[in-house]
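Colleague: Give me coordinates for this.
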Amino acid sequence: MNALFLAAEEPQNPLVPHLDELVIGLIAFVIVFGFLAKKLLPNINKVLDERREAIEGGMEKADEAQTEAQSVLEQYKAQLAEARHEAARLRQEALEQGTVLKEELRAEGQRQREEIIAAGHAQIEADRKQAALSLRQDVGKLATDLAGKLVGESLEDHARQSRTIDRFLSELEEKAEAAR
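Modeller: Model prediction:
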């Protein structure tokens, strides 16, 4: 009857529970909370600690890897700079060697050209002397034959003939030089 009596007096607010329900709910909450705190909370803390350690370890490893990568990058940059310097030095050496070789080849070519020109002049001089000697002999023979025909006697004396021819040709050369 009590329940009827209470119900008849005042209308029940649906948002406010009865006192006995509130006490039973609070007791149940404390039991569940105690069970969770004793059994579940240590396991949850353990998993959270493991995760935190794994994350911190991963971050340390990442920092170490980044430091190592930075070190490798610096070494790579140093090697690259050294390789560029070496390439520039080799290029400069090659240019210098090319210039020296070009000058040596030019000098060798000049020397060979001068040798060829000197040999050509020597050959021309030898050919000119040979031609002059041959011409002197031919002119001398023709002159003695012609003089012999004009005089009417043979001029076969070789010593006299050579002197006459030499004198005649010397006079011709003097006239040719005077004409120049």
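
Colleague: Run through the chain and note the low-pLDDT ranges.
Modeller: 1-11, 148, 150-161 (pLDDT under 70).

Colleague: those helices in it, which residues are they?
Modeller: Counting by DSSP state H, the chain has these helices, from start to end: 2-9, 19-35, 41-151, 158-179.

Colleague: need these in TSV with mean neighbour count, can you?
Modeller: Every C-beta, even on glycine, is put in place using the N, C-alpha and C of the backbone. TSV is the format used below for those (neighbours: other C-beta atoms under 10 Å):
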stretch	mean neighbour count
helix 2-9	8
helix 19-35	10
helix 41-151	10
helix 158-179	11
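
Colleague: so who does the closest residue to S162 other than its chain neighbours touch?
Modeller: With sequence-adjacent residues excluded and distances taken as C-beta to C-beta, 6 or more residues apart in numbering, S162 is closest to G140, at 7.5 Å. G140 sits next to 161-162, 164-165, 168-169 when contact means C-beta atoms under 8 Å, 6 or more residues apart in numbering.

Colleague: which among these gets closest to K77?
Modeller: L169 (89.1 Å; C-beta to C-beta).

Colleague: Apart from its neighbours in sequence, what residue is nearest that closest one?
Modeller: Nearest non-adjacent residue to L169, counting by C-beta to C-beta, 6+ apart: R136, 5.7 Å away.

Colleague: Between the contacts of G140, which sits nearest A65?
Modeller: Each of the contacts of G140 was scored against A65 by C-beta to C-beta, and L169 proved nearest at 105.6 Å.

Colleague: you'd agree that closest one is up against D138?
Modeller: No: using C-beta atoms under 8 Å, L169 makes no contact with D138, being 11.3 Å away.

Colleague: Distance of the residue nearest the centre of the chain relative to H18?
Modeller: Against the mean C-alpha coordinate of the chain, by C-alpha atoms, centre = their mean, the closest residue is A87 at 5.6 Å. According to C-beta to C-beta, to the nearest Å, A87 stands 93 Å off from H18.

Colleague: re the thing from before, gap between the residue nearest to S162 and E177?
Modeller: G140 sits 20 Å away from E177, going by C-beta to C-beta.

Colleague: Check A62 too.
Modeller: As judged by C-beta to C-beta, A62 and E177 stand 104 Å apart.

Colleague: what do you get for T99?
Modeller: Distance, T99 to E177, by C-beta to C-beta: 50 Å.

Colleague: and if you look at E96?
Modeller: For E96, the distance to E177 - C-beta to C-beta - is 55 Å.

Colleague: And for D138?
Modeller: From D138 over to E177 the distance is 21 Å, taken as C-beta to C-beta.

Colleague: go on, K38?
Modeller: Using C-beta to C-beta, K38 is found at 142 Å from E177.

Colleague: residues touching the residue nearest to the centre of the chain, list them.
Modeller: Contacts for A87 (C-beta under 8 Å, 6+ apart) come out as none.
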